[in-house]
Every structure is written in C-alpha cells, then in structure tokens.
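Engineer: sequence first, predicted coordinates after that:
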Amino acid sequence: MVDLKTIAEIIKTKERFVVSAHMHADGDAAASQLGIARVLHQIGKEAIVVNDEETPLQFKFLPGVETILQEVPADYKPDTVIIIDTPIRRIINCGDIRKRFLDGKPAEESGEIGGTPWTDIETIFLDHHERSEHCGEHIYVDSKASASATIVGRLMHELDVEPDADIGTAIICGIMSDTGRFSFANTTSESLKLVAEVVDAGANVNNVATELFYRNEFASVWMTGQALSTLKLSESGKVCTMILKEEAVNDQGQPVEPEDLPTYPVTIRGVEIGLFLRPASDGGVRVSLRSAGNADVNRFASLFDGGGHKKAAGCRMPPGHIEDARDTLVAAAEKYLAENPDG
C-alpha cells in the first residue's frame, strides 16, 4: 500500500494512461474513471478511458463520456494503467487489463496493451471497497472514503489541479450515487466539503440529481414496477428479496439499471438484509445486497465470492433458476443473521 502523495508523484513521471473501472457501471464507477482522466488532462497527460461495455444511459450526461473507447488502440502506447473502483478482478471493464490480472501470468508472458508490452507498464489501483482484490504495483485503498470519486478529489488536490465544472460533475455523480443522495452512513464531512468545493467551481448538484434520478425512461419505471411485484419476506421478516426474471432494456437495446432499485427491500420495517436478483449475461444471477441496521452485507457477500461495503455489496450466483438462487440466498442470509446478531 502507498499513500496518495506517492501516487501523485508517480503520475507526474508518466505520460500516457489507460483508465478503467468495473463492469455493470454504477454512478461512482462511470464518473470516477472520467473524473480521473480529466484530472490527468489538466496536468498535460494523455489519458483514455476504456470500457468493454456500453455506458448505461443514465450516465451519458457525464462530461467526456463520448470519448470512452471499447478497446485500447494498437497505436496507443501507454506507460500506466489506472484501475479505479473495481474490487474484483473479473469485473474489470477493459478486456486487456482484465486478462492481464486474471491469468496470473508474469508481465513477460502477458503480451501487450495497445502498443506497449506489459513489462513496460506500471499499474495504479485505487479503491474504497472494504474487500478488494488488489492489482498492480501501486495500491491505494481507503474503505472510509465515501466513494472512489472522493479519492479522485483527493488526488486532484495532491496534483494541485483546480477543479472545473467537468471534474466537479464527475465527483458529484460518484459521491451522490454511492451515498444514496448524501443520506447513507458513509456520507462524510470530507465528501460534503468536496461537493461544496466543486459547486463553487461551476458544477451543479441539481443537474446531476436530475440526470441520475428524475429522467427515467419508460422501461426503467416499468422495470421497477415489475421488480416490486416480486417482493417477498422471509419467515423471520428479516430478509426481503426482489427479482427480475428478464433483463430490462430500452428502445436502443441497452440494459436499464435504475440507481435506487436495489434499496427498496430494506425500506421495509424490520428487514435487515435486502436482496435484488436479476439475470446475468452468462446465464448466472447478479445479486445486489443492501443492509439495514447492523448486518454487514460485505461479509455476507464474501460467502459467495462477492464483496463491496458493509451497507451495500454484490455477488453472483451460478447459472440456474433464479428462484433457486433466491431460496439459497434467503436460507444463507437467515443463518448469517442468526449467527452474527451484531453484524
């Protein structure tokens, strides 16, 4: 582990960067990768953001989103990779980077990224999840940070970059998303001060909130209704589940994922763990977990090779019937709560 001052000094010695975050992007992942690229541009560096997946529609308002590439160009010769907000290697949203760290091969046997051999690449890993699979030589993780966007703000300060409206929009989006509109327990005075700073620099909280939460497509609202109709309480009333049996898409065929949907199960009085299940592209089941009270869903998710934060986490279940996955998870959650009354 290194501190951000060291990360900043390393960045100053480099010239060309590839930046990526996690797959199935949420507001923090989508915004943080663009925010850090903008910070790098402000100090005269070249930086590209590369994602295998299309950016979800609700994040298309983010400045710079139109520059995101789906692969590293063969003639681009990076010297540094930055992985941000990605606690699990298999969900790195850039195939070249994901393959490098999933294979477990030494750099000498890993080929190239763009026009640069991996032997000539240094990797910076930035994250705020409590359980992270670290990648690369330079690792900075702070689980007390409200969001990875908070880390972007810290790095902005370390590099003496003055915030502008574009950086500010990214920072607000990331923090607003990961703190539940500044309402979750991970909301800190540091993040609120950072939001105030970028508002003074020209960013607009209302504009970001409007794009994230109040410009839903019909498919998004329809999906919410379908999911809510499947709400089911466990026998104890402490576990609540909600499922989507088919992935919802908009008119352009893009997956739709409203930011607030996974939180609905834990809004019910008495529920301690909420589970939202929906199909994964490989036939498995994606699971979003939320906590109310003392339940630590990061620890619970680790039982299924997932992770995240104490109050919000995720995991995947193997291919099979989604109702079977629900039954398995409910039984495990009930057992977990009985054995861990303090979280």
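Structural biologist: Noted; the coordinates are in hand.
Engineer: pretty sure residue 113 contacts residue 81?
Structural biologist: Yes. Using Cβ atoms under 8 Å, residue 113 is in contact with residue 81, at 6.9 Å. Quick note: C-beta positions are derived from backbone N, CA and C, even for glycine.
Engineer: how is this structure carved up into domains?
Structural biologist: 4-212, 219-339 (automatic domain parsing).
Engineer: looking at the ones you listed, which is buried most?
Structural biologist: Counting by mean count of other Cβ atoms under 10 Å, domain 4-212 has the highest mean neighbour count of these, with a mean of 20.
Engineer: hmm, back to that, can you list the domains of the chain in TSV and add mean pLDDT?
Structural biologist: As requested, the domains of the chain are exported to TSV (pLDDT from 0 to 100):
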stretch	mean pLDDT
domain 4-212	96
domain 219-339	91
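Engineer: list phi and psi for residue 289.
Structural biologist: phi -120, psi 140 (degrees, to the nearest 10).
Engineer: leaving out the residues flanking it, which one is nearest to it?
Structural biologist: Closest residue to residue 289 in three dimensions, ignoring its sequence neighbours and counting by Cβ to Cβ, 6 or more residues apart in numbering: residue 297, at 4.0 Å.
Engineer: go on, residue 68?
Structural biologist: Nearest one to residue 68, counting by Cβ to Cβ, 6+ apart, is residue 49 at 4.8 Å.
Engineer: tell me what the one you found is bridged to.
Structural biologist: Under DSSP bridges, the beta-bridge partners of residue 49 are residue 19.
Engineer: ranges for the strands of the stretch 151-300 of the chain?
Structural biologist: 232-233, 239-243, 273-279, 285-291 (DSSP state E, counting those that start in this stretch).
Engineer: which parts of the stretch 51-200 of the chain are helices?
Structural biologist: 95-103, 148-158, 165-178, 189-200 (DSSP state H, counting those that start in this stretch).
Engineer: mind putting those helices into a markdown table with distance to residue 34?
Structural biologist: Shown next, in a markdown table, are these (distance: least, Cβ to Cβ, whole Å):
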| stretch | distance to residue 34 |
| --- | --- |
| helix 95-103 | 17 |
| helix 148-158 | 9 |
| helix 165-178 | 5 |
| helix 189-200 | 14 |
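Engineer: and the ones you listed: which comes nearest residue 127?
Structural biologist: Residue 127 lies closest, by Cβ to Cβ, to one member of those: helix 148-158, at 6.5 Å.
Engineer: and the contacts of stretch 263-276?
Structural biologist: 180, 227-228, 231, 233, 237-244, 261-262, 287-295, 297, 300, 326, 329-330, 333, 336-337 (Cβ atoms under 8 Å, 6 or more residues apart in numbering).
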